[in-house]
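Peer 1: sharing a sequence plus its predicted fold:
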Amino acid sequence: MGPSRARRSRRYLTCEPRHFDVLYAINPWMRVGTPVDTGLALTQWRTLVGAYRDHGHTVETVPPVPGLPDMVFAANAALVLGGRAFGSRFRAPQRRPESAAYGLWFKTAGFDVHEPRAVCEGEGDLVPVGPYVLAGTGFRTAPAAHAEVREFFGVPVIGLRLTDPRFYHLDTALFVLEDEGPDANIAYYPGAFSPGSRAVLERLFPDAVIASEDDALAFGLNSVSDGRHVFIDPGARDLIRRLAHRGYVPVPLDLSEFRKAGGGIKCCTQEIRP
């Protein structure tokens, strides 16, 4: 068993899945016409929000907008660091109106919001860990957005190329276990990345938790960690065992209804970092 881990209170932003549906296909998980149980999606989302609150975290919500079925995936809306918000510019035209809805929430809440010039899909492809922002590209976020992130926040940005379309966002292939200090660390699935990007991750995070393809396909890497508890899909059985062995406390949560649109726990969770 690994060392005891310390939880740090977090502030999360979410969006109720009142209008969640699969009305178009913009990733390999989506099939137009797939029946969606909106009631079940709402129950699963409420369970997620309840779990966060039960573990001492603050959860806020953005009002859902009719006609924006993917707005529930709050992580894609922005990257928030140091009280500043780097907004989104979605690649798919169906999702572009989400940027304005989330941007309004952030501005009303008093955040300095940057509207990117290049395609950028928020925490879907931007993952802060230690002194870096890991930045995915290959399917959604454009490399030019990485430079915008660096200039806006003044932090080193590490570009990582995704090569497997099943893992179209960085947050489907990698998540942060510990985001601060000398113990900053991640879990990831190497098969989602180009050879050079895998080499970068091996160099930066030699103690990373490595996930299998099965765990990645179960959306086990679309997880959220508070430094101690890991909110994770129950289907990622081997990854759950590995995390427990490292001293983390897995909190299994079923968000299977959202997988019909290629989403999971992290997709539904935007972290607002002070």
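Peer 2: Great, that's in hand. Residues are numbered from 1 along each chain as shown.
Peer 1: mean confidence score for stretch 194-205?
Peer 2: Confidence for stretch 194-205, expressed as mean pLDDT, is 98.
Peer 1: er, stretch 159-171 I mean
Peer 2: The predicted confidence, averaged over stretch 159-171, sits at 98.
Peer 1: which residues in the stretch 1-150 of the chain form helices?
Peer 2: Ranges of helices within the stretch 1-150 of the chain are 38-54, 97-108, 143-153, based on DSSP state H, counting those that start in this stretch.
Peer 1: who's in contact with the nearest residue to A75 once chain neighbours are set aside?
Peer 2: Of all residues beyond its chain neighbours, the one nearest A75 is E123 (4.1 Å), with distances taken as C-beta to C-beta, 6 or more residues apart in numbering. The C-beta positions use only the backbone N, C-alpha and C, and glycine is treated the same way. With contact set as C-beta atoms under 8 Å, 6 or more residues apart in numbering, E123 has these partners: 75-76, 78-79, 171, 266, 270-271.
Peer 1: which one of the helices of the stretch 1-150 of the chain lies closest to L243?
Peer 2: Comparing the helices of the stretch 1-150 of the chain by their distance to L243 (C-beta to C-beta), the top pick is helix 38-54, with 15.9 Å.
Peer 1: pLDDT below threshold where in the stretch 1-150 of the chain?
Peer 2: In the prediction, the stretch 1-150 of the chain carries residues with pLDDT under 70 at positions 1.
Peer 1: what about 80?
Peer 2: Within the stretch 1-150 of the chain, the stretches with pLDDT under 80 are 1-4.
Peer 1: these two touch, right, A77 and P97?
Peer 2: No. Taking contacts as C-beta atoms under 8 Å, A77 lies outside contact range of P97: 11.5 Å.
Peer 1: and those two? which has more neighbours close in?
Peer 2: The residue with more neighbours, out of A77 and P97, is A77; 28 against 14, by other C-beta atoms under 10 Å.
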